[in-house]
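>>> Fold the following.
(2 chains)
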Amino acid sequence: MNTGLTTQELQTKAKEIRRHVIRMLAKAGSGHPGGSLSATDLLVALYYGKLRHDPQNPKLPERDRFVLSKGHSCPALYAILAEMGYFPISELDTLRQLGSRLQGHPDMKRIPGIEISSGSLGQGLSVGAGMAMAARIDGLDYRVYVMLGDGEVEEGQVWEAAMAAGHYKLDNLCAILDNNGLQIDGPIHDVMSPLPLLEKWDAFGWHVIHIDGHNMAQILEAYDRAEAIKGKPTIIIAKTVKGKGVSFMENQVDWHGKAPTPEQAEKALAELI
Amino acid sequence: MTVTTPKQQQQQQPVKKEATRDAYGQALLELGETNKNIVVLDADLAKSTTTLKFGKKFPERFFDMGIAEANMMNTAAGLATCGKISFVSTFCIFATGRAWEQVRNTICYSGLNVKIAATHGGVAVGADGSSHQCIEDFALMSSIPTMTVIEPCDSIETRKAIKAVVDHQGPVYIRLGRSPSPVITEESTPFEIGKANILREGKDVTIAACGIMVPNALKAAEDLSARGIEATIINFHTIKPLDRKALVMCAKRTGAVVTAEQHVLEGGLSAAVALALARECPVPMEAVGIDNRFGQSGDPELLFKEYHLTPDDILQAALRAYGRK
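Numbering: from 1, shown residues only, chains lettered A, B, ... in the order given. The predicted structure is shown next:
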């Protein structure tokens, strides 16, 4: 929903979300800071500046849908959903604990606002395409956004989905690629290069937009441009920094799936003011 | 659980044959008319699975997803999150094997209304050989928490099963056959998911069967009767959840059980029956199924002989179980 926040206010909100992420992971003692922090600005801009949704009415048929295909980045999404009122902010402290709604990867049956359970990479774009097809059948004008990781697109299913979305000309579907350049075993071009990204998506019948994934103005503009593209789906390839906002986590592959110690968390929080 | 008298016992003339996949295509056509939420996806096999009939009549609700089963499963999941009842069809091997993790992680874990109606189950596929003969699907699908697994015994039961799964909330796997098979139930035969049908009552041995093995079990029962042994026949059209009440009641009455399925002996009907009997009513049990082998090309009838799935194999197993009482 467009909350009317200025780009500066969105940046402030993003810092707040990043602080939640650090606190949640430190409390849980596990989780994925790198990809959560690289995706934060894209998610904040989407939820506060673009997505048509109502936290008080999460099942509204006309709502826009968001699919977090890179489900391990859910701490950032949980923090945004809590901040927006989908569930109490105090619940963020229960991340990854037995009985918590906040599972290590998103569970749609437990949390209002989660549109599909995810975590197993490569599956979300297909789900998003299905949602976009349902909109077409029902004559509804909602849009579907799917966030992918750049390592995730090594999964073959992503290209099956890309082919299908291109084939069916799903212009109500927008993929957001969190292009932070790192995966668990190292830089994406060393592990299993999915490059070049632009040419691949273009060849599959997609409109491609390149942006800096930490520039709020560029992100908002890209979401609007994607909406204006008709006759084909759009992918926003957003260049990001893994671990963005915490100096000692930035571009460090080891911070993919490791929680900060209490001391490290304190240091990180001091940088996020 | 219901008791009915199958056609075979009422009339001696050769029974009508019809493929369950054809019944599926017809059922979709009829249900698609009344239920606008039904959508159908196929993976370049719409002629073979018979979903093309639906596709021609309701093109706006039919999607050929090409040869990409993993994507098809999750697209169906996305449609289901928006209130659609998604029917997904391809061959059993690709639905359950190629796309297992999509079924597990996205469809079942999320409890979505996706109905996987897959055709070409078992070695009865015939000439195409092992790559296309799925004999592991019950195990693959049953092992997923909350999944419902169905194999109708004939075309009439298939139509009822498809109607029932439309009304059932949540994921369902339905195995259908390629080749025409005997029609042994009637329009009036009840069908309820999870409720086994007792087709014949006899005091000496219980034969628990599913799918095309049900007519084979009925034939075996006739031959057993000629030898003075009376068999109870249970049609377990729902492999999961298993109707344990019907099984245990019949096991108690007869004191011996034989299972018959066109599936490997691991993780299918025999495994489910064995677990239930071991827990609630341990009696001698024998299992007719495929014993640690892959299928191969050949005429279905010859394959049934080769893999020991014939009425005579069921009869021999029943004699063994009866003899162990």
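
>>> Can you tell me which residues in chain B are near chain A?
Residues of chain B lying close to chain A (CB under 8 Å from any CB of the partner chain) are B:39, B:60-61, B:63, B:65-66, B:68, B:70-84, B:86, B:101-102, B:105-106, B:109-111. C-beta coordinates here come from the backbone N, C-alpha and C atoms, glycine included.

>>> Recalculate using a threshold of 6 Å.
Contact residues (CB under 6 Å from any CB of the partner chain) of chain B with chain A: B:65, B:68, B:70-71, B:74-75, B:77-79, B:81-82, B:84, B:105-106, B:109-110.

>>> So what does residue 193 have for phi and psi?
I went with chain A, as the question did not name one. Main-chain dihedrals, residue A:193, degrees, to the nearest 10: phi -60, psi 120.

>>> Sorry, I should have been clearer: chain B.
Torsion angles, degrees, to the nearest 10, at residue B:193: phi -60, psi 130.

>>> same deal with the one 5 residues further on?
In terms of degrees, to the nearest 10, the main-chain angles of residue B:198 are phi -90, psi 120.

>>> Secondary structure of residue A:232: a helix, I assume?
No: using DSSP: H, G, I helix; E, B strand; the rest coil, the assignment for residue A:232 is coil, not a helix.

>>> List the contacts of it.
For residue A:232, the contacting residues are A:169, A:171, A:205, A:207, by CB atoms under 6 Å, 6 or more residues apart in numbering or on different chains.

>>> OK, contacts around the third one?
Going by CB under 6 Å, 6+ apart, residue A:205 touches A:166, A:232.

>>> Out of the residues of chain B next to chain A, the closest to chain A would be?
Nearest to chain A among those, counting by CB to the nearest CB, is residue B:78 at 2.2 Å.

>>> Which secondary structure element is home to the residue in the stretch 51-200 of chain A positioned nearest to chain B?
Residue nearest to chain B within the stretch 51-200 of chain A (CB to the nearest CB): residue A:130, separated by 2.2 Å. Assigned by DSSP states H and E, residue A:130 falls within helix A:124-138.

>>> Quick one: distance of that helix to the chain centre.
Centroid separation for helix A:124-138 versus its chain: 18 Å, with CA atoms, centre = their mean, to the nearest Å.

>>> Likewise for stretch B:214-224?
Between the mean C-alpha location of stretch B:214-224 and the chain-wide mean there is a distance of 18 Å, by CA atoms, centre = their mean.

>>> Just the C-alphas of that stretch, formatted as PDB.
Output of stretch B:214-224 as PDB, limited to C-alpha atoms (Å, rounded to 0.1, in the frame of the first residue of the first chain):
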ATOM      1  CA  VAL B 214     -10.100 -55.600  -7.400                       C
ATOM      2  CA  PRO B 215     -11.600 -57.400 -10.500                       C
ATOM      3  CA  ASN B 216      -8.700 -59.900 -10.300                       C
ATOM      4  CA  ALA B 217      -9.500 -60.500  -6.600                       C
ATOM      5  CA  LEU B 218     -13.100 -61.100  -7.500                       C
ATOM      6  CA  LYS B 219     -12.100 -63.700 -10.000                       C
ATOM      7  CA  ALA B 220      -9.800 -65.300  -7.500                       C
ATOM      8  CA  ALA B 221     -12.700 -65.400  -5.000                       C
ATOM      9  CA  GLU B 222     -14.800 -67.400  -7.600                       C
ATOM     10  CA  ASP B 223     -12.000 -69.900  -8.000                       C
ATOM     11  CA  LEU B 224     -11.500 -70.100  -4.300                       C
END
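
>>> about what we covered before: residues in contact with the residue nearest to the residue of the stretch 51-200 of chain A closest to chain B when sequence neighbours are not counted?
Spatial nearest neighbour of residue A:130, chain neighbours left out: residue B:78 (2.2 Å); criterion: CB to CB, 6 or more residues apart in numbering or on different chains. Residue B:78 makes contact with A:127, A:130, A:131, according to CB under 6 Å, 6+ apart.

>>> avg pLDDT for the strand or helix carrying residue B:78?
Take DSSP H and E as the rule and residue B:78 turns out to sit in helix B:69-81. For helix B:69-81, the mean per-residue pLDDT is 98.

>>> continuing past it, what's the next helix or strand?
Defined by DSSP H and E, the subsequent element after helix B:69-81 is strand B:85-89.

>>> tell me the angle of the helix holding residue B:78 relative to strand B:85-89?
170 degrees (axes from the mean of the first three to the mean of the last three CA atoms, to 10 degrees).

>>> Just the element for residue 270, please.
Defaulting to chain A. Secondary structure from DSSP H and E places residue A:270 in helix A:262-271.

>>> if you could check chain B rather than the one you did, that'd help
Using DSSP H and E, residue B:270 maps to helix B:269-280.

>>> From the rest of the structure, what touches that helix?
Taking CB under 6 Å, 6+ apart as the rule, helix B:269-280 contacts B:208, B:210, B:236, B:239, B:242, B:244, B:247-248, B:251, B:259, B:261, B:285, B:287, B:289.
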